[in-house]
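Visitor: sharing a model that was predicted from the sequence below.
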Amino acid sequence: MSEFFNFLFQTFDSITQFLDDCSQTKNLKATKRIHAHLLRTDLLFASLNIHAELIFTYATCLKNNNEETLTKCFTFVKSKDPLLFNVIISNFCRNGFAFPALKTLSFIHFNGVAVDTYALCSSLKTSSFMGNVKFGEQIHTHVRKSGWLSSVFVGSALIGLYAKFLLIDNAAVMFDEIPVKNTVCANALLSGYGETTQWVEGLKLVRKMPGLNLDYDHFTLSAMLRACAGLSAIELGRQVHAYLIRNVYDVGRDMFLQSALIETYGKCDLVAKAFQVFNLLGLSFDVQRKRDVVLWTSMLGVYGRNGHFKEVILLNEEMFKENIKPDEVAFVTVISACGHTGQVKLGTECFESMTRDYKLVPGPEHYSCLVGLLCRTGELDKAWKVVNEMLHKGHGNGSISVWGALLTACQDHGNIELGKFAAKKALELDPQNVSIYVLLSNLYAKYGMWDEIGRLRELMKHGGLKKDAGCSWIEVTG
């Protein structure tokens, strides 16, 4: 008997593997043949996993006709067992087939199959991927009617859905409605507060968590540090750091937590403290731990934002010595630092090495830094050549930062026509951008073009635009 079951399980594994191969190669002919074989041998209904895998394979092979395919596939499904459909939804969700996953949920709902928490959570996650909050809201209505609102798992998925679409008020209401909360649903709401920079609300939620018997995990602590950085609340940031030392056994194993700690000190202008943390995170009690590229990028960013441009270049050289492959963010910081230190050759070399050595594709922000680098040294012709290259490589109409850098350079070096063209292109991207009007006004003022300034001011007045007053804040103790 045991030999029979071993043979049976081997058969099921072989069929599943064959179907998986068919879905990867999109081999419809082979899929139909194995389907016919399963029907002749009655193996199709002997395993829920095979049944689910067959449906997924058909949907993969006929990707452009998914709705019709699913309808045909579901017609021969006689089972009312939700497990089968949960597997199908999971397969679709895991492989990026958002519409088929939601279609499956709709099918089981209308055909009297029980919809459990697994199907609901997977479908809510899929709604987030599709960018379709309306379908998520319909699921929310079903959840409320069917009584699943008491499930912390479904509640967490709903909070995540609303947070993804920045509907933070809805997410907060959902959090309050969950009768028994856990740290996961609190973190989902914290993520939404972070995305909308509602730092104070995030910290209020953190303070409530102990009263709700919710523990802080690594994600919670990272969110707390991001809020401290956003508010420049250094004293609270130090308290969180102290909590980490007391309660987290090995901070060095969580690069996101480490990065958030470096960012917090950097945002509060404590660059030396950030570098101290960066150095300590490379150490362990027994071995020298290799720092992740995320940590290097964070430290580079701290130096760059605080004007320590020479340190950016030195740290970048140290990163190369440790054979750390830089990412796109690191290149932005380094090229920008080269611009502020006048190192045109090094900045250009870094830009070119992105594609040559690391197979990275420069984005608008990299072109912006390179244009800014060339403009600061008065090489307008080279800067214009880079802008043309960017436009021809499919980066749309450029970016505000690119045209702004070109406009600033035109002001410094007296190229009025190119400056007007750069301002025109920038305002096509963002007609309400006051800073571009101010830069153009400064260009006109420098060369006594008062009539042009008058017309520019009338244009701003007609558009209801005015220059915003600058502001800053610091934390005052005592």
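Guide: Okay, I see it.
Visitor: need the helix or strand of the chain with the lowest average pLDDT.
Guide: Sorting the helices and strands of the chain by mean pLDDT, DSSP states H and E puts helix 2-25 at the bottom, at a mean of 63.
Visitor: and the next element down the chain from that one?
Guide: With elements assigned by DSSP states H and E, the helix or strand that comes after helix 2-25 is helix 28-41.
Visitor: need the residues that contact the helix or strand hosting I88.
Guide: If you go by DSSP H and E, I88 is part of helix 82-94. By Cβ atoms under 8 Å, 6 or more residues apart in numbering, the list of residues contacting helix 82-94 from outside reads 48-49, 51-53, 55-56, 59, 77, 97-98, 100-101, 104-105, 107-108, 113-116, 118-119, 122-123, 125-126, 129. Glycine gets a C-beta too; all of them are placed from N, C-alpha and C.
Visitor: could you turn the buried ones of those into a ChimeraX selection?
Guide: Applying 16 or more other Cβ atoms under 10 Å to those, the buried members can be selected in ChimeraX as follows:
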select :48,49,51,52,53,55,56,59,77,97,98,100,101,104,105,107,108,113,115,116,118,119,122,123,125,126
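Visitor: cross the contacts of helix 82-94 against strands and list the overlap.
Guide: Among the contacts of helix 82-94, no member falls in strands (DSSP state E).
Visitor: low-confidence stretches in the stretch 1-150 of the chain?
Guide: 1-12, 44-48, 63-79 (pLDDT under 70).
Visitor: for F165, grab phi and psi.
Guide: When read as degrees, to the nearest 10, the backbone of F165 gives phi -90, psi 10.
Visitor: what about it, how many neighbours?
Guide: Using other Cβ atoms under 10 Å, F165 has 18 other residues around it.
Visitor: T355 too?
Guide: Neighbour count of T355, defined by other Cβ under 10 Å: 11.
Visitor: circling back to that earlier point, quick check: buried residues in the helix holding I88?
Guide: Judged by neighbour count (16+ other Cβ under 10 Å), helix 82-94 contains these buried residues: 82, 84-93.
Visitor: of the residues you listed, just say which sits nearest to A223.
Guide: C93 (25.6 Å; Cβ to Cβ).
Visitor: so how far is A157 from that closest one?
Guide: Here C93 is placed at a distance of 12 Å from A157 (Cβ to Cβ, to the nearest Å).
Visitor: overlap in contacts of those two?
Guide: Shared contacts of C93 and A157 (Cβ under 8 Å, 6+ apart): K125.
Visitor: how much space separates the closest residue to L28 other than its chain neighbours from A223?
Guide: Leaving out its chain neighbours, the residue that sits closest to L28 by Cβ to Cβ, 6 or more residues apart in numbering is C61, at 4.2 Å. C61 sits 43 Å away from A223, taking Cβ to Cβ as the criterion.
Visitor: which of these two has more residues huddled nearby?
Guide: Using other Cβ under 10 Å as the criterion, C61 and A223 rank with A223 on top: 24 against 19.
Visitor: so the more buried one sits in a strand?
Guide: No: assigned with DSSP: H, G, I helix; E, B strand; the rest coil, A223 falls outside any strand and is helix.
Visitor: point out where the stretch 251-400 of the chain drops to low pLDDT.
Guide: Within the stretch 251-400 of the chain, the segments meeting pLDDT under 70 span 252, 281-289, 394-396.
Visitor: in it, which spans are helices?
Guide: Taking DSSP state H, counting those that start in this stretch, the helices of the stretch 251-400 of the chain run over residues 255-267, 271-280, 293-305, 309-321, 328-341, 344-358, 364-376, 380-392, 400-413.
Visitor: please list the outside residues in contact with the fourth one.
Guide: Residues outside helix 309-321 that contact it (Cβ under 8 Å, 6+ apart) are 296, 299-300, 303-304, 326, 330, 333-334, 336-338, 340-341, 343, 346.
Visitor: distance between that helix and the chain's centre?
Guide: 26 Å (Cα atoms, centre = their mean, to the nearest Å).
Visitor: give me the buried positions along it.
Guide: Buried residues in helix 309-321, counted by 16+ other Cβ under 10 Å: 309, 311-313, 315-316, 319.
Visitor: likewise for stretch 292-309?
Guide: Neighbour-count burial for stretch 292-309 flags 292, 294-304, 306, 308-309 (criterion: 16+ other Cβ under 10 Å).
Visitor: quick one: contacts for F275?
Guide: Shown in contact with F275 (Cβ under 8 Å, 6+ apart): 299, 302.
Visitor: ok, it to G160 distance?
Guide: To G160, F275 is 35 Å away according to Cβ to Cβ.
Visitor: go on, L440?
Guide: Distance, L440 to G160, by Cβ to Cβ: 44 Å.
Visitor: cool, and N187?
Guide: According to Cβ to Cβ, N187 and G160 sit 9 Å apart.
Visitor: now swap in K310 and tell me
Guide: Here K310 is placed at a distance of 43 Å from G160 (Cβ to Cβ).
Visitor: and F256, by the same measure?
Guide: Applying Cβ to Cβ to F256 and G160 gives a distance of 18 Å.
Visitor: so between these two, which is more surrounded?
Guide: Using other Cβ under 10 Å, the more surrounded residue of F256 and G160 is G160, with 23 against 16.
Visitor: now do the SS call for the more buried one.
Guide: G160 - assigned by three-state DSSP - is helix.
Visitor: now it: closest residue in space that isn't a chain neighbour?
Guide: Excluding its sequence neighbours, the residue lying closest to G160 (Cβ to Cβ, 6+ apart) is A188, at 4.5 Å.
Visitor: next one: G266
Guide: Per Cβ to Cβ, 6+ apart, closest to G266 is V302, 3.1 Å.
Visitor: show me the contacts for that neighbour.
Guide: Taking Cβ under 8 Å, 6+ apart, one finds 262-263, 265-266, 271, 274-275 in contact with V302.
Visitor: count the residues that sit near the closest residue to C375 other than its chain neighbours.
Guide: Computed as Cβ to Cβ, 6+ apart, the closest residue to C375 that is not its neighbour in sequence is A409, at 3.1 Å. A409 is flanked by 24 other residues according to other Cβ under 10 Å.
Visitor: over to the one 3 residues further on?
Guide: Using other Cβ under 10 Å, D412 has 14 neighbouring residues.
Visitor: thanks a lot, catch you later.
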